[in-house]
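Chemist: Just need the structure, nothing else, for what follows:
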Amino acid sequence: MSQALQAPGFAALAPGRAVETRMVGGRWQAVAWDLGTGRRRVVTDRPHGVDLSEIEPDGAHLWWFDADTSGEGRWRRQPFTDGGPVEALTGLPRGRAYGLAFDRAGSRAAVGIGVGGASHCYLGEPGGAGRLVGTAPGYLSLADLSPDGRLLALGGRPDGPDAVLLWPTDPPGSAPVRLPGGSGLRLWPIEFRPQDGPDPELLLIAELNEQYTVAIWRADRGLRPHPRLAFASEISVGWYGGARGVLVQQEQDGRSRLLAVDLDADWDGPREIPTPGGTIHDLSCAPDGTLHCLWSRTTVPPRPLLIPPGGLSADQVSPTVNSPHPGQRWTSGPAGPIHSFVSTPPGPGPWPTLFLVHGGPATHDRDSYDPSVGALVRHGYAVVRTNYRGSTGYGARWQREFGHRVGLAQLEDLAAVRAALVDEGVADPGRTGLCGFSWGGYLTLLGLGAQPQLWSLGMAAHPIADYPAVYRATTPALRVIDQELFGGTPQEVPERYRAASPLSYVQQVRSPVLLVVSEADERCPAEQVTRYAKELARLAVPHELFWTDGGHRSRLAADHDAVFAAMLRFAAHCWPTPPPP
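Modeler: Next up, the predicted model:
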């Protein structure tokens, strides 16, 4: 069976059972995994695939989200061993999945559903009727349900008045406790400590004074950041190992590191868990303490990495774990050093060069395997992956301090890297282009118009072409991100949205453009891209519209293959190169 999309989810009370989301016949599907026998049973056969699946604590049933290409749907529940699906909680509206959690025994399940512009949270016995606990406008994600089933933890905008909501499940109509962000504080709720106790204990990440800190909340003590667990770049955390053990994964300069600590013990600092270097894309902890990681490195495709409670043996840890990243570059930029990964064909340059611009923007390129990079290099292109301002993994200041100059600050960084690579003889100055998906596609279109003298080719998949129009039509979760990026809505700061919109610069575009678009795209709707294409046609700019069926983030391998093949064809047409060997 082919690779997994995520680390497995384990049944807390049934150590031999887990659920995975794996590629099956070109589609992501939910798979029941019996660890004792090693048998995997494909549970779903959805035409558009499945990318969310969970398992109940006793391991008897699986849950999976049955969504269409727009991302809307319902949770389904079916037996681990055999049997068809039914509604997981009855009486719930169709909507977007905003989270799922179980109490410790699995007797109650909580579900977050996005309907319209509001978030709804329901509670009920698995397979039974769901009861509405609360509704709030905008986007709230369900982080967890306390072990006793009496308290929900939800997350809103990290620096907003509802950064964390702690919502009692009984009695009906109870008001939530609010943990606000703001004044330099940002909060993300993670999970309740799984062991039962007199007071639920919630694990959080707090950002304060440009440090990412592990924090704990209890009703009798309030919120307490842990001063000795502060990091300069982004972290993810989870309860691990003991009654109050915590596992930290830190992302820094394109690589992952793991650290463990017991909050109740005397210690000088967290204990690092050796890994083979590279990137841990996802991980989960089995009931026996084994960490199941989805791991890769630039030269190694994603694969499972098991770290037992005692750690990896010496021969399993790469001797190059602390060596420089392959092909990494640090470039002087207007706001500080810019980190990039550069891959080139054999022989001397310069080469036609494509910048693969990552999306997000709150993510980053890293020391991990990307098959598209290898394919482009084999076709004669140099490939550049740059972690511009807004990227994670380089600290809070790098991620946010660009004065709400959305898009324009990022283009300054890309231009600085391009200039350095031209000077080094890597990039052919007459054949440098931009290519990206989603927010990377947005930066591609913005660069073609705002910096027409730099880029001679652009390929944008599911992009933002008209920022104000996308804000009005996109999902509530993405509006929260945009409000933070711009410091307000298009009504509040219209000049910032206009300055950041590719449509504002379309008359300056001179280079050929490939636009990948889908009628089912709920995040970057097709209408605003087709309007942009009509402007290109009016201006006689060479361009192509390539249509797909899978929505913004297709769960079908065939859709991704078709898009990449179209990009290879388009680039070869615009930049003829000698055929690959």
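
Chemist: In stretch 497-517, which of the residues would be classed as buried?
Modeler: Neighbour counts over stretch 497-517 (16 or more other C-beta atoms under 10 Å) mark 497, 499-506, 509, 511-517 as buried. Every residue, glycine included, has its C-beta placed from N, CA and C.

Chemist: which stretches of the stretch 201-350 of the chain form strands?
Modeler: In the stretch 201-350 of the chain, strands defined by DSSP state E, counting those that start in this stretch lie at 202-208, 211-218, 222-231, 235-239, 245-252, 255-262, 271-273, 279-285, 291-297, 300-307, 328-331, 338-343, listed in chain order.

Chemist: again but with the stretch 1-150 of the chain, I slipped
Modeler: Under DSSP E, counting those that start in this stretch, the stretch 1-150 of the chain gives strands at 9-10, 17-24, 27-34, 40-42, 53-55, 61-67, 72-79, 86-87, 95-102, 109-115, 118-124, 131-137, 141-145.

Chemist: Can you lay out these as a markdown table showing mean pLDDT?
Modeler: A markdown table is the format used below for the strands of the stretch 1-150 of the chain (pLDDT from 0 to 100):
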| stretch | mean pLDDT |
| --- | --- |
| strand 9-10 | 96 |
| strand 17-24 | 93 |
| strand 27-34 | 93 |
| strand 40-42 | 94 |
| strand 53-55 | 96 |
| strand 61-67 | 95 |
| strand 72-79 | 95 |
| strand 86-87 | 95 |
| strand 95-102 | 95 |
| strand 109-115 | 96 |
| strand 118-124 | 96 |
| strand 131-137 | 93 |
| strand 141-145 | 97 |
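
Chemist: what's the neighbour count on Gly91?
Modeler: Number of residues near Gly91 (other C-beta atoms under 10 Å) recorded here: 12.

Chemist: List the residues that contact it.
Modeler: Applying C-beta atoms under 8 Å, 6 or more residues apart in numbering to Gly91 gives the contacts 129-130.

Chemist: Please apply the same query to Pro429.
Modeler: Pro429 touches 350, 422, counting by C-beta under 8 Å, 6+ apart.

Chemist: That one sits in which helix or strand?
Modeler: Element membership of Pro429, judged by DSSP states H and E, is strand 427-437.

Chemist: quick one on the thing from earlier: among the strands of the stretch 1-150 of the chain, which comes closest to Ser554?
Modeler: strand 27-34 (9.5 Å; C-beta to C-beta).

Chemist: residues of that closest one that come out buried?
Modeler: Of all the residues in strand 27-34, those buried under the rule 16+ other C-beta under 10 Å are 27-33.

Chemist: now those residues as CSV including distance to Gly458?
Modeler: Converted to CSV, the buried residues of strand 27-34 look like this (distance: C-beta to C-beta, whole Å):
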residue, distance to Gly458
Arg27, 30
Trp28, 29
Gln29, 35
Ala30, 37
Val31, 38
Ala32, 44
Trp33, 43
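
Chemist: of these, closest to Gln410?
Modeler: For these, the closest approach to Gln410 (C-beta to C-beta) belongs to Trp28, at 30.1 Å.

Chemist: one step back: now do the helix or strand that the strand holding Pro429 is followed by, average pLDDT.
Modeler: Note on strand 427-437: by DSSP H and E, the next helix or strand toward the C-terminus is helix 439-450. Averaged over helix 439-450, pLDDT sits at 97.

Chemist: do stretch 453-470 as well
Modeler: 96.

Chemist: Can you give me the end-to-end span of it?
Modeler: 27 Å (C-alpha to C-alpha, to the nearest Å).
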